[in-house]
Structures are given as structure tokens and as C-alpha cells.
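> Sequence below, structure please.
(one chain, ligands or ions: 1)
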Amino acid sequence: MEKLTSPKTIEAILNRYGLHFNKRFGQNFLIDDNIVNKIVEAGQVTKDDVVLEIGPGIGTMTRVLSEHAGKVYTVEIDKKLIPVLRETLADCDNVTVVEGDILKTDVAALLAKDLETASLKIVANLPYYVTTPIIMGFLESALPVERMTFLIQKEVGERLCAEPGTKAYGSLTIAAAFYAEMEISFYVPATVFMPRPRVDSIVVTLTKRDEPPAALVDKALFFKVVRAAFQSRRKTLINSMSSAMDCPKEVLLSAMAQADIDPAIRGEKLTGEDFARLANALAEGLGR
Ligand code: SAM
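Numbering: from 1, shown residues only. Here you go, the predicted model:
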């Protein structure tokens with residue numbers, strides 16, 4: 001088998017199939033064996049696992065996943081890459097290639113049989129244009145995912161793992177932290193991709209929580225409060241929330257008092273637990 005991380009091989013394969021990198025699908029293929037191995041290592045993939053990969057490209061990481069996992073399902077949106085994958089993964093008996101958009105794929109149905117006996121891990125070099133909906137989709141779903149390891153744009157990774165009070169901290173941080181514990185595994189330079197993206201990347205690992213970090217009276221209201229608090233980052237909490245929420249100012253002020261939160265603070269200073277207290281006080285104030 002040709003070395004799939006070699007730029008010459010990638011070019012030769014694309015030429016042979018009359019293909020070009022498709023920007024629309026965020027195609028930046030890995031050309032560094034060491035990084036591919038490190039991502040799979042961070043995913044802690046074992047033979048007891050069924051692994052879901054999103055966007056195999058020409059199958060570079062899929063082959064390494066296939067060596068370590070019990071089974072691999074890999075979902076690729078670009079139908080022109082399917083014949084390529086049939087060739088590059090021909091000797092990988094434990095790999096199933098699925099043509100489709102991951103955002104429209106019924107993963108629970110696809111894996112139902114395997115999940116009776118194996119645990120699920122997700123490992124992917126994600127297309128950057130849909131990183132957030134893919135990650136939030138898996139966090140919000142009831143799929144029993146044990147571990148998710150994603151290579152993503154550095155800025156998004158830093159937002160996921162940010163600390164309160166930092167520039168990167170925001171509604172994505174709090175939403176993700178509600179469902180999972182996050183860890184930065186390692187940074188990845190743009191030079192390990194072909195074509196080279198304009199941004200640097202990062203590998204993050206997410207482990208879903210068994211229990212949410214705070215008890216919520218109304219989960220939808222919690223997320224509404226978080227979004228409203230970050231709507232205008234320069235405004236105080238009370239001003240940002242009262243312009244973003246359809247709720248009288250005095251009800252908001254009274255909830256803040258009850259939750260012991262200063263209305264003049266900026267949303268970025270609040271922790272997830274502060275938001276939970278505030279949302280619960282507001283739920284009470286609204287009679288929910
Ligand atoms: N895994 C390969 C690698 O590391 O070299 C390719 C990674 S490339 C960043 C992203 C891949 O995801 C591309 O193959 C692209 O066609 C595919 N893709 C883009 N959007 C997708 C979607 N919504 N569902 C499934 N695959 C998608």
C-alpha cells in the first residue's frame with residue numbers, strides 16, 4: 001500500500017480519479033504519520049471499541065484506526081471519494097465506509113447492533129466549517145459515546161476548553177462543559193496538512209459526563225440565559241440579558257439578587273455553576 005501521508009501519493013491518487021481538493025467540504029488531508037498516530041493514541045482506541053470516524057478523506061487515519069479498533073465506521077460526504085476509499089481500504093476488513101453527511105446520518109441506528117457489545121469512541125479530523133454543529137450534536141445526543149477525540153481549528157478548541165474571564169470563554173464553552181469534560185491533547189501546526197489551512201489546529205478530547213455538573217430546573221432556560229449573557233460581550237450582564245431576553249428587567253434583577261450575582265458584572269466572569277444558579281432563580285421568578 002502506498003504511503004497515504006505522502007503528498008506525492010495524495011496527488012497521484014487525486015489525479016488518477018480526476019479529483020481536486022474540495023474546499024466546500026473542508027478537505028485538508030493529513031500528511032504526517034506522527035500526528036495521525038498521536039491522534040489515534042489520544043483516542044485510546046482498543047479492540048473492544050467500535051470507532052466512528054467523520055470524514056475519512058482518502059482513508060489515511062482510517063487505516064490506523066482499523067489496526068487498533070474492533071470495528072470502524074467512517075462517514076464521508078464527498079461521493080467522489082468513495083471509490084478512492086474502496087481502493088485504499090480494500091484490505092481493512094473491519095472498516096465500513098458510509099456515504100453521507102454526518103449531520104444527517106442516524107448514527108444510533110447505524111451502530112445499534114455493535115453497541116450491544118462494544119463501546120463507542122469517536123475520532124476525527126473534522127471539516128472546520130461544521131465543527132461546532134458536529135460536536136454539539138454528539139454532546140446533545142443520547143448516544144453512549146465513551147470518548148471523543150477531534151482535530152479542530154485551534155480557536156474553536158480553545159473556546160471549548162476556556163477558563164472564565166478569558167477572551168475565548170463563551171456560550172460554546174459553557175454549553176460543552178455542561179455535557180462533557182474537556183482536555184487539550186496537543187497543538188497541531190498548519191504544515192501537517194495538504195492543502196495547508198490558514199489556521200493552526202488542536203486536538204481536544206471530550207469525555208461525556210454521567211451527570212450534569214449542576215441541577216437545572218429548566219435546561220432550555222439555562223441555555224437561553226447563557227446565550228443572552230454573551231450576546232453583547234461589552235455590556236454588563238443585566239444590559240446584555242435584558243436586551244436579548246423577552247423578560248422584564250425587574251424579574252432579571254430579582255433573579256440575580258437571589259442567585260447572589262452582581263448585575264454589573266460581565267457574563268464572561270460567570271462560571272457554569274453561576275449560570276445554573278441564575279437560570280434556576282429566574283425559573284422560579286417566572287413561575288416555572
Ligand atoms: N480524515 C482525513 C485526513 O485526516 O486526512 C480527511 C480530513 S478533512 C479535514 C475532512 C473530511 O470530512 C473530508 O474528507 C470531507 O470531504 C469530509 N466531510 C466534510 N463535511 C462532512 C460531513 N458533513 N459529513 C461527513 N464528512 C464530511
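> For the rest of this, base every contact and every neighbour count on C-alpha atoms.
OK.
> got a list of contacts for stretch 245-258?
The contact list for stretch 245-258, computed with Cα atoms under 8 Å, 6 or more residues apart in numbering, reads 224-225, 228, 238, 241-242, 262-263, 278, 281-282, 285-286.
> so can I have a markdown table of these showing distance to residue 113, pLDDT and neighbour count?
Putting the contacts of stretch 245-258 into a markdown table (distance: Cα to Cα, whole Å; pLDDT from 0 to 100; neighbours: other Cα atoms under 10 Å) gives the following:
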| residue | distance to residue 113 | pLDDT | neighbour count |
| --- | --- | --- | --- |
| 224 | 37 | 95 | 15 |
| 225 | 39 | 96 | 22 |
| 228 | 41 | 95 | 22 |
| 238 | 50 | 97 | 22 |
| 241 | 46 | 96 | 25 |
| 242 | 48 | 94 | 19 |
| 262 | 51 | 98 | 13 |
| 263 | 51 | 98 | 19 |
| 278 | 42 | 97 | 25 |
| 281 | 43 | 97 | 23 |
| 282 | 43 | 97 | 26 |
| 285 | 46 | 88 | 14 |
| 286 | 44 | 88 | 12 |
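> Closest residue of the stretch 151-288 of the chain to the ligand?
residue 193 (7.6 Å; Cα to the nearest ligand atom).
> what about that residue, neighbour count?
17 (other Cα atoms under 10 Å).
> How about residue 140?
13.
> how much space between it and the ligand?
In this view, residue 140 and the ligand are 17 Å apart by Cα to the nearest ligand atom, to the nearest Å.
> Could you double-check that that residue sits in contact with residue 180?
No - contact criterion Cα atoms under 8 Å: residue 140 and residue 180 do not qualify, at 10.0 Å.
> which residues does the residue nearest to residue 235 when sequence neighbours are not counted contact?
Among residues not flanking residue 235 along the chain, residue 266 sits closest, at 6.7 Å (Cα to Cα, 6 or more residues apart in numbering). Residue 266 sits next to 229, 233, 234, 235, 236, 237 when contact means Cα under 8 Å, 6+ apart.
> Name the residues of the protein found near the ligand, please.
25-30, 54-57, 60-61, 75-78, 100-103, 125-127 (Cα under 6 Å from any ligand atom).
> Which of those residues fall within helices?
60, 61 (DSSP state H).
> Could you pick out the buried ones from the residues of the chain next to the ligand?
25, 27-30, 54-57, 60-61, 75-78, 100, 102, 125-127 (16 or more other Cα atoms under 10 Å).
> Now compare the contacts of stretch 245-258 and name the two farthest from each other.
For the contacts of stretch 245-258, the farthest-apart pair by Cα to Cα is 262 and 286; their separation is 19.6 Å.
> And the strands in this protein?
29-30, 49-54, 71-76, 95-99, 119-125, 145-153, 180-188, 193-194, 201-208 (DSSP state E).
> In the fifth one, which residues are buried?
Right, strand 119-125. Applying 16+ other Cα under 10 Å to strand 119-125 flags 119, 120, 121, 122, 123, 124, 125 as buried.
> ok, so of those residues, who is nearest the ligand?
Distances from the ligand to the buried residues of strand 119-125, taken by Cα to the nearest ligand atom, are shortest for residue 125, at 4.9 Å.
> Next one, pLDDT for that closest one please.
With respect to pLDDT, residue 125 has a value of 98.
> Also residue 233?
The model's pLDDT for residue 233 equals 85.
> what does residue 212 give?
84.
> how about the nearest residue to it, chain neighbours excluded?
residue 178 (5.9 Å).
> List the residues that contact the one you found.
Going by Cα under 8 Å, 6+ apart, residue 178 touches 212, 213, 272.
> Report the separation between the residue located most distally from the centre of the chain and residue 136.
For the chain, the residue at maximal distance from the C-alpha centroid (Cα atoms, centre = their mean) is residue 250, at 37.3 Å. The gap separating residue 250 from residue 136 is 33 Å, by Cα to Cα, to the nearest Å.
> Quick check, residue 240 in contact with residue 231.
Yes - applying Cα under 8 Å as the test, residue 240 and residue 231 come out as touching, 6.2 Å apart.
> and the closest residue to residue 279 other than its chain neighbours, what does it touch?
Residue nearest to residue 279 in three dimensions, not counting chain neighbours: residue 222, with 5.0 Å by Cα to Cα, 6+ apart. Contact partners of residue 222, counting by Cα under 8 Å, 6+ apart, are 216, 275, 276, 279, 280.
> picking up where we left off before, now the two most distant members of the buried residues of strand 119-125.
119 and 125 (20.4 Å).
> now the stretch 1-150 of the chain, which segments are flagged as low pLDDT?
Across the stretch 1-150 of the chain, nothing is flagged by pLDDT under 70.
> That'll do, ta.
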